[in-house]
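Novice: Can you look at this prediction? I've put the sequence above it.
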Amino acid sequence: MTPKPSTASKVFLVDDDASVRRALTRLLRSAGYEVKPFASAREFLDNAKDEGPACLVLDIRMPGLSGIDLQRELQATNAILPIIFITGHGDIPTSVKAMKAGAVDFLRKPVKDHDLLKAIEQALTRATRERAKREELEAIQSRVDSLTPRERQVLEHVVAGQLNKQVAYDLGTVEKTIKVHRARVMDKMGVASLAELVRLAERAGIGKM
């Protein structure tokens, strides 16, 4: 049974073999995916745009930048683009290297339709999940960035488990002032409890002191 495309259905295809590009483009479009084919890794880097969850079907061996080279380039930019490698020269060391670097799958040519479509659906599911996590983290960081330097200090002390009077002592002020700052921190962070505040602070990399 052929997997059905998810709502995140964009697939980038990079292969220097024109016949392979045409065949896979037809297959993926007939399966309901939006396909963006490229003849080289460089063409992909120069023209591909980040327009939401997507995955990359990538040939290993190509003139110029290889598939592995492109994988490294994408990792360097922290791109969320799960990769499915396809190759007619699939040796075990290359496969292991690709998978350790985060590839979703490594398929030998000629690729079986079902195997490719299944791998693409897994890749798109991963892309959607990872983008959601990144967007959540960016939203949390935006809240942290909205804090004043003093509010940030109060946040760090509070999530470390200190009471208001302890925070006041450490910061050289009075407890009443700390209560005001703490209330503002809770409001800006959009939380109603200390537990929520601690969870968001940990997500933003603000741990226990």
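Specialist: Received it, and whenever you're ready, just let me know what you need. Residues are numbered from 1 along each chain as shown.
Novice: what kind of secondary structure is Lys49 in?
Specialist: Secondary structure for Lys49, judged by DSSP: H, G, I helix; E, B strand; the rest coil, is coil.
Novice: Neighbours of it, how many?
Specialist: Residues lying near Lys49 (other CB atoms under 10 Å) number 8. (C-beta placed from N, C-alpha, C; glycine too.)
Novice: swap in Ser40?
Specialist: Neighbourhood size, Ser40 [other CB under 10 Å]: 17.
Novice: Same check on Glu51?
Specialist: Neighbour count of Glu51, defined by other CB under 10 Å: 9.
Novice: Same check on Leu13?
Specialist: Residues lying near Leu13 (other CB under 10 Å) number 23.
Novice: got the contact list for it?
Specialist: Leu13 makes contacts with Arg21, Leu24, Thr25, Leu28, Val35, Lys36, Pro37, Phe38, Leu56, Val57, as judged by CB atoms under 8 Å, 6 or more residues apart in numbering.
Novice: Double-check that it belongs to a helix.
Specialist: No: using three-state DSSP, the assignment for Leu13 is strand, not a helix.
Novice: can you tell me how far it sits from Thr77?
Specialist: Separation of Leu13 from Thr77 (CB to CB, to the nearest Å): 20 Å.
Novice: can you give me the strands for the protein?
Specialist: With DSSP state E as the criterion, the chain has strands at 10-14, 34-38, 54-59, 83-87, 105-108.
Novice: Now the residue in the chain sticking out farthest from the centre. Nearest residue, chain neighbours left out?
Specialist: Distance from the centre of the chain peaks at Val174, with 43.2 Å (CA atoms, centre = their mean). What sits nearest to Val174 in space, not counting adjacent residues and going by CB to CB, 6 or more residues apart in numbering, is Ala168, at 5.6 Å.
Novice: Report pLDDT for the one you found.
Specialist: Residue-level confidence at Ala168 comes out at 96, pLDDT.
Novice: One more: Val158?
Specialist: The score at Val158 is 95. That number is its pLDDT.
Novice: Show me how the record splits this structure into domains.
Specialist: As assigned by automatic domain parsing, the chain contains the domains 10-137, 146-203.
Novice: returning to that earlier point: check the burial of the residue nearest to Val174 by counting its neighbours.
Specialist: 20.
Novice: same thing with the one 4 residues further on?
Specialist: Each residue near Gly172 was counted by other CB under 10 Å, and the total is 6.
Novice: give me phi/psi at it?
Specialist: Backbone torsions for Gly172, taken as degrees, to the nearest 10, come to phi 70, psi 40.
Novice: tell me the most buried of the strands of the chain?
Specialist: Highest mean neighbour count among the strands of the chain (mean count of other CB atoms under 10 Å): strand 54-59, with a mean of 26.
Novice: Might you report the residue contacts of the closest residue to Cys55 other than its chain neighbours?
Specialist: Once flanking residues are discounted, Cys55 sits nearest to Ala123: 3.6 Å by CB to CB, 6+ apart. Listed by CB under 8 Å, 6+ apart, the contact set of Ala123 reads Cys55, Leu56, Pro82, Ile83, Ile84, Val104, Asp105.
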